[in-house]
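K.L.:
whatever this is, show me its structure:
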Amino acid sequence: MKTISKNIVPRGFKFAGIHCGIKRKKKDLGLIYSDTPAVAAGLWTTNKMQAAPIQICKKNIENKIQAIIVNSGNANCGLRQGRKDALLINEWVGRELGINQECILPASTGIIGIPLPIDKIKKRVSFLVRELKEESDDFAEAILTTDKVSKQVALELKIGGKEVIISGVAKGSGMISPKMATMLCFVTTDIDIDKALLKDCLKKAVENSFNQITIDGEMSTNDTVLCLANGRAGNNKLQAAGLRLQAEKEENRNLEKFQEGLNYVTAYLAKEIVKDGEGATKLIEIEVQGAKKEGDAEKVARRIANSNLIKAMFYGESTNYGRIAAAIGATGVDLKNVDIHLVGNKSKIKIFKQGYFINVDEGLLKKILEEKEMKLKVDLNKGNFSEKLLTCDLSEEYVRINK
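P.N.:
Alright, predicted model coming up:
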């Protein structure tokens, strides 16, 4: 498995991104097209208030898919005409591409509760289709909202002797919280794979990547992760039966390779999202181990990761680390067995041992806090369950962006 140029795309896929007028100047309309009908898998926000495009996606994804249409700057959420508008866009795109609109998956991101400027979008659809090309830079730019940078990755791996490419493009910067976030992610691959198996692989990849990040503890209405596989690599089709037949070792190994590749793509993009968090200056990994029951470690990790006090502490490089123990105690954990370490690139320091703070080297602690990436490690010393989350600090810029 090797990482390749970030905007290399799998065989048969083309991308486009243009400005249509939702935003004042920046690109705001993106398109992915596969010249071969692709099997598709998707996961969405668990928020009960779901945007219109998600409702359409959930229905259309049962079909073979040939296109994904995305707008940024407007969430198309909470509006009576939202579903109608999303269907109209699908219709226009389908007409230009010469495909059925039910073979198109829509997605939106941006401000909630504002009607789409549907006439502006209609005028630009034909131009969008003409802009399709075998690179994803324009598309990656077109799906951004408050992001400072685009997020892309591509890798190549051998599956059954065939070269397979998996590429991913994502956006996300704020409203990033459990069970995905204010984020969109589009994975394309030329592997030939069973639809049910693709869904299972995507679910595993997302569970250990996008579901393990938080920026501000807020859950979005539009979170979407979609994966299209068009089979153009020409490998022997990966079948779900391969999971059960131990004799088929090669098939199982090929499935493992694909899962590893998909895991890499989603984990890479998840980390890029946190690094680009609204107002973020530091990337922080929260690792909680030694929990007695499943779920306990995640509860502690999320309490720490979503604490504004702790996030502000990291931003200010403050040694006021009592906030960390207080957050742990707020979850109901008895701190008498708890150890807490802060880990930097080259240094590690214990700040809390078996229920009490200990004297630390303030100079060393300050050095770690000045780093751009660090780990906060908590050992509950009660069992064998653990959890990891990625989060970031909290700065004045977050307030400026969201005021």
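
K.L.:
can you tell me how far the residue located most distally from the centre of the chain is from residue 58?
P.N.:
Centroid-distance maximum for the chain: residue 359 at 39.1 Å, with CA atoms, centre = their mean. Distance, residue 359 to residue 58, using CB to CB, to the nearest Å: 56 Å. For glycine as for every other residue, the C-beta is placed from the backbone atoms N, C-alpha and C.

K.L.:
check contacts around the nearest residue to residue 348 once chain neighbours are set aside.
P.N.:
Nearest non-adjacent residue to residue 348, counting by CB to CB, 6 or more residues apart in numbering: residue 341, 5.8 Å away. Residues near residue 341 by CB atoms under 8 Å, 6 or more residues apart in numbering: 348-351, 376-379.

K.L.:
cool, residue 311 as well?
P.N.:
Applying CB under 8 Å, 6+ apart, the residues near residue 311 are 391-394.

K.L.:
following the chain onward from the helix or strand hosting residue 328, which element is next?
P.N.:
Assigned by DSSP states H and E, residue 328 belongs to helix 322-330. Heading C-terminal from helix 322-330, the first helix or strand you meet, by DSSP H and E, is strand 339-343.

K.L.:
so which bits of the helix or strand that that next one is followed by are buried?
P.N.:
Tracing the chain C-terminally past strand 339-343 and defining elements by DSSP H and E, one meets strand 348-353 next. For strand 348-353, burial by neighbour count (16 or more other CB atoms under 10 Å) applies to 349, 351-352.

K.L.:
what does strand 348-353 contact?
P.N.:
Residues contacting strand 348-353 (CB under 8 Å, 6+ apart): 321, 324-325, 335, 338-343, 357-358, 360-361, 364-365, 368.

K.L.:
any of these buried? List them.
P.N.:
Buried members of the contacts of strand 348-353, scored by 16+ other CB under 10 Å, are 321, 324-325, 335, 338-343, 365, 368.

K.L.:
need the residues you listed in a markdown table (columns: pLDDT).
P.N.:
Converted to a markdown table, the buried ones among the contacts of strand 348-353 look like this (pLDDT from 0 to 100):
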| residue | pLDDT |
| --- | --- |
| 321 | 82 |
| 324 | 91 |
| 325 | 90 |
| 335 | 89 |
| 338 | 94 |
| 339 | 95 |
| 340 | 94 |
| 341 | 95 |
| 342 | 94 |
| 343 | 94 |
| 365 | 87 |
| 368 | 90 |
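
K.L.:
which of those lies closest to residue 258?
P.N.:
Among those, residue 343 lies closest to residue 258 (CB to CB), at 32.4 Å.

K.L.:
contacting residues around the closest one?
P.N.:
Contacts of residue 343 were listed using CB under 8 Å, 6+ apart, and they are 349, 368, 374-377.

K.L.:
again, but for residue 338
P.N.:
325, 328, 352, 354-355, 378-381.

K.L.:
what do you get for residue 387?
P.N.:
212, 287-288, 291, 297-298, 300-301.

K.L.:
ok, and the closest non-adjacent residue to residue 378?
P.N.:
With sequence-adjacent residues excluded and distances taken as CB to CB, 6+ apart, residue 378 is closest to residue 288, at 4.6 Å.

K.L.:
ditto for residue 150
P.N.:
Computed as CB to CB, 6+ apart, the closest residue to residue 150 that is not its neighbour in sequence is residue 140, at 3.9 Å.

K.L.:
what score does the one you found have for pLDDT?
P.N.:
As predicted, residue 140 sits at a pLDDT of 96.

K.L.:
what do you get for residue 174?
P.N.:
Reported pLDDT for residue 174: 52.
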